[in-house]
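>>> Structure, please.
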Amino acid sequence: MSTLTVRRLDGGHGATRALTDVSLEVRPGELVALIGGNGAGKTTLLKTIAGVLRPHAGSIRLDDEEIGGRPPWWVARRGITLVPEGRGIFGDQTVRDNLALGAHAAGARAGDAAGDRMERALGLFPALRARLSDPAGSLSGGQQQMLALARGLMAGPRVLLLDEPSLGLAPLLVREIFDTLARLRADGLTIVLVEQMAAQALALADRAYVLASGRITVAGTAAEVRADPGVIQAYLGRAGGAARGGSAP
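Okay, the predicted model is just below:
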């Protein structure tokens, strides 16, 4: 069980600042939602935590260890796993190979448990079992999102960072993804969820942060954030709930 702590973080792409003085905490076993509009800095924050981007200033700690500014492979070996927006699967590789790459990212920490992790991942997403030998690019959009999440779980993460897992999915598949996240949360996995479907994210989360123009503007329990008048107006109206989704099966 691990505590992820971000303190006074500034960051962005190159010299461009997208995050300013961001502080947050993710406690062991929590699902923490991070909501905000397009361009708010949500993806930049996840990438900076995961080591894809270097922070300009501030601290990122996993338990008592500073991980800010370390390369992505090093952060992954410590147990931070990012499932990126857009899935990031290898379409020319088989489903089995994509899953194996997830275990490889964890390095020695995954140990002999890789086979157990694959069985668990396939148990969560049984549609993938029959497609193990197929190229990942031949999967439907929904199956590709399942594969991206399953590959992240193959790393045996201590903290799972999810960037827009519902993006482009039909409502039935969005429900399936959120049901899976609820199961993972119930099992004690620590999750940071970036999601524009704010109503669904807040219904699932323990706590939440709102990011606007690179700054945290609201923070609290999910119930407190859900009741905030500004959040209701900006994110929980007609466009903030189930209206955003796509159509990929």
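>>> Report the separation between residue 96 and residue 61.
35 Å (Cβ to Cβ, to the nearest Å). From N, CA and C alone the C-beta is placed, and that goes for glycine too.
>>> Quick check: which ranges of this protein have low pLDDT?
For the chain, the stretches with pLDDT under 70 are 1-2, 105-114, 238-249.
>>> Tell me which stretches of it form helices.
For the chain, the helices defined by DSSP state H cover 42-49, 72-78, 95-106, 114-124, 141-154, 171-186, 198-204, 222-227, 229-235.
>>> which stretch among the ones you listed comes nearest residue 27?
Counting by Cβ to Cβ, residue 27 lies closest to helix 171-186 out of the helices of the chain; the figure is 12.5 Å.
>>> for the closest one, packing partners?
Identification of packing neighbours for helix 171-186 by 3 or more Cβ pairs under 8 Å, 6 or more residues apart in numbering; DSSP states H and E yields helix 114-124, helix 141-154, strand 190-194, helix 198-204.
>>> Next, the buried residues of the first one.
Of the residues in helix 114-124, those with enough neighbours to count as buried (16 or more other Cβ atoms under 10 Å) are 114, 117-118, 120-122, 124.
>>> just these now: which is nearest residue 217?
residue 124 (34.0 Å).
>>> From residue 36, how far off is the closest one?
From residue 124 across to residue 36, the span is 28 Å (Cβ to Cβ).
>>> quick one, what contacts the residue positioned nearest the centre of the chain?
Most central residue of the chain, judged by C-alpha distance to the mean C-alpha position with Cα atoms, centre = their mean, is residue 162 at 1.0 Å. Contact analysis of residue 162 by Cβ atoms under 8 Å, 6 or more residues apart in numbering lists 83, 149, 152, 181, 191-195.
>>> same thing but 6 Å
Residues in contact with residue 162 (Cβ atoms under 6 Å, 6 or more residues apart in numbering) are 83, 193.
>>> The chain should start at 49 in everything you say after this.
Got it, first residue is 49 now, which makes that one residue 210.
>>> Any idea what it is bridged to?
residue 131, residue 241 (DSSP bridges).
>>> quick one: it and residue 122, what's the gap?
Distance of residue 210 to residue 122, computed by Cβ to Cβ: 21 Å.
>>> Kindly report the same for residue 91.
Relative to residue 122, and taking Cβ to Cβ, residue 91 is found at 21 Å.
>>> ok, those two, which is more surrounded?
Using other Cβ atoms under 10 Å, the more surrounded residue of residue 91 and residue 122 is residue 91, with 21 against 13.
>>> Report the contact partners of that one.
Counted by Cβ under 6 Å, 6+ apart, residue 91 has contacts residue 211.
>>> Could you check how far it is from residue 223?
Remark: distance between residue 91 and residue 223 (Cβ to Cβ) = 24 Å.
>>> Could you report the neighbour count for the closest residue to residue 190 other than its chain neighbours?
Distances taken as Cβ to Cβ, 6 or more residues apart in numbering place residue 221 nearest to residue 190, at 4.0 Å, with adjacent residues excluded. Close neighbours of residue 221, defined as other Cβ under 10 Å, add up to 22.
>>> for residue 95, same thing?
Neighbour count of residue 95, defined by other Cβ under 10 Å: 21.
>>> Look up the closest residue to it, ignoring the ones flanking it.
Beyond its immediate neighbours in the sequence, the residue positioned closest to residue 95 (Cβ to Cβ, 6+ apart) is residue 101, lying 4.6 Å away.
>>> these two touch, right, that neighbour and residue 93?
No - counting by Cβ atoms under 6 Å, residue 101 does not reach residue 93; the two are 9.2 Å apart.
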